[in-house]
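In: Next comes the sequence, and after it the predicted model I'd like to discuss.
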Amino acid sequence: MPGSPSEQLAATPPAATARRARISRSRDFDAVYRRGRSAAGRHLVVYAFRPDDADPGEPARLGLSVSRKVGGAVERNRLKRVLRELFVSLDPPAPPETDIVVIARAGSAEYLAERGSAALGARLGELVAKATGSTA
RNA sequence: CCCGCGAGUCAGGCAGCCGCGGGCCGCGACAGCGGCUCGAGGAAAGUCCGGACACCACAGAGCAGGGUGCUGGCUAACGGCCAGCGGAGGAAACUCCCGGGAAAGUGCCACAGAAACGACACAGCCACGCGCGUGCGCGGGGCGAAGGUGAAAAGGUGCGGUAAGAGCGCACCAGCGGUCUGGCGACAGGCCGGCUGGGCAAACCCCACCUGGUGCAAGGCCAAGUCGGGACGCUACGGGUUGCUCGCCCAGUCCCAGGUCGGCCGCAUGAGGCGCUCGGCAACGGGCGUCCCAGAUAGAUGGUUGCCCUCGACAGAAUCCGGCUUACGGCUCGCUGUCCCA
RNA sequence: UGGGGGAUCGUCUAACGGUAGGACGCCGGGUUCUGGUCCCGGUUGUGAGGGUUCGAAUCCUUCUCCCCCAG
């Protein structure tokens, strides 16, 4: 394996937009909520949890929760897409082998529309750092 | 030009980089990688109707319940659509209407009003008879809708007629019945007759037609896992027939505790789209050709950069399809023109 | 996604198709030296639009919002 071209592929940023890097089981969501650490902002809430059975070297997985209070289907889909994109390009990336759940609160769609994705990305970065700070 | 009316159509575009989901092909032991290709809407929305599909129920019959409601057609079906009829609105283009039955029965019609359906009483008009205080009372008669009201009052208006009056007579109008003509029909028109109605059925209801229930979290399969305790009972009771009755069938019943969070199928070729053509006023149907056109499962279309323009509305598939309704930006075509201005 | 229920004053609730009431707020006035109690008065788009009817909170229809159930 070492020295092979696949090493260059692994060097590319972890694609949290891929389905492998997402939390999909309700069991996993429950674990993050119950046993993880949380950090809350005005528009977002971030939960972080490092599962015991995580594969070594596995990049951080992302789970999103955007309820109907945020807006209609178009707004919520757009918000989820933007949040996934922002999560991948976090400047200090999220620590590996960690499950992170981001909850969008009511008003976050308006925040995105008025302040832009860069502002939302900054808020996301702050909260992720705060929630994962001691475990890293 | 500008108002208005109707129909149709589009849903920012192009390019670079980084990404996401499905299918096919290739490589690979797996994870995966590479190539090609496809990837939201006219409303995907609301879930208001109708069907397909699936399971459950059903020997069967009846009742109940629910829905629809002018006519003819279209459709798999519909509460939808098309063409008409009648009515309503508008100056017009045109638009809108749950639009059967009130001589089958029941009910309601507040307030006001003499009276709200029985045309009786009340009030009133008119001659006649009797009485007296001479314009009133009494009596038996004639009379109609005149009497404030009210949403609605026993056809309306006019003329004649009379003691007073009245469809009592006449003309026109409205309604009813009969008949003729046209139309498949709703209905329209003509003639004749008699002389005439309460209203409300989106009140109960009657009539005609339709109607089993539940919904893809339907349903099928695989994997995993729990399978423990208590009470009452001995055919009385109970359960099923998802509202009831007849009928039929099943057999112990109830309570507590525990398990069920994974995956595969269903799942996308369909009452399908487009083009031409034929029938039809049209909705729609027939024929031929051609295309394959999302299929996720915490749920896919984004990020970024550049250019252009009018600076981009409403809005995101979740079993599928046909409608309805609601939200909304632009463009094209056709049609109307009362008043005002040129 | 599918299925079901609801909306009346600031809050809780009534109302055969015929004037929208009650209780608790709240506001103003009176009584009291002051406050409370008590008395009087006020506070109203029946969620919105359209229709049936002489007349609609009520009947029909379209929409908006809220709540519940099914993993």
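Out: Nice, thanks for sending it over. Residues are numbered from 1 along each chain as shown, chains lettered A, B, ... in the order given.

In: Moving C-terminal from the helix or strand containing A:Ala39, which element do we reach first?
Out: Using DSSP states H and E, A:Ala39 falls within strand A:37-40. For strand A:37-40, the following helix or strand on the C-terminal side (DSSP H and E) is strand A:44-49.

In: residue boundaries of the strands in chain A?
Out: A:37-40, A:44-49, A:61-66, A:99-104 (DSSP state E).

In: looking at these, which is closest to A:Ala129?
Out: Nearest to A:Ala129 among the strands of chain A is strand A:37-40; the distance by CB to CB comes to 8.4 Å. The C-beta positions use only the backbone N, C-alpha and C, and glycine is treated the same way.

In: which other helices and strands contact the strand holding A:Ala39?
Out: strand A:44-49, helix A:117-132 (3 or more CB pairs under 8 Å, 6 or more residues apart in numbering; DSSP states H and E).

In: Could I get those in JSON lines, plus columns for mean neighbour count, distance to RNA strand B and mean pLDDT?
Out: JSON lines is the format used below for these (neighbours: other CB atoms under 10 Å; distance: least, CB to the nearest atom of the strand, whole Å; pLDDT from 0 to 100):
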{"stretch": "strand A:44-49", "mean neighbour count": "23", "distance to RNA strand B": "12", "mean pLDDT": "85"}
{"stretch": "helix A:117-132", "mean neighbour count": "18", "distance to RNA strand B": "5", "mean pLDDT": "84"}
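
In: so can I have CSV of the ones you listed showing distance to A:Ala94?
Out: Converted to CSV, the helices and strands packed on strand A:37-40 look like this (distance: least, CB to CB, whole Å):
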stretch, distance to A:Ala94
strand A:44-49, 8
helix A:117-132, 6
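
In: Indicate which one of those is closest to A:Phe29.
Out: Of the helices and strands packed on strand A:37-40, the one closest to A:Phe29 (CB to CB) turns out to be strand A:44-49, at 9.0 Å.
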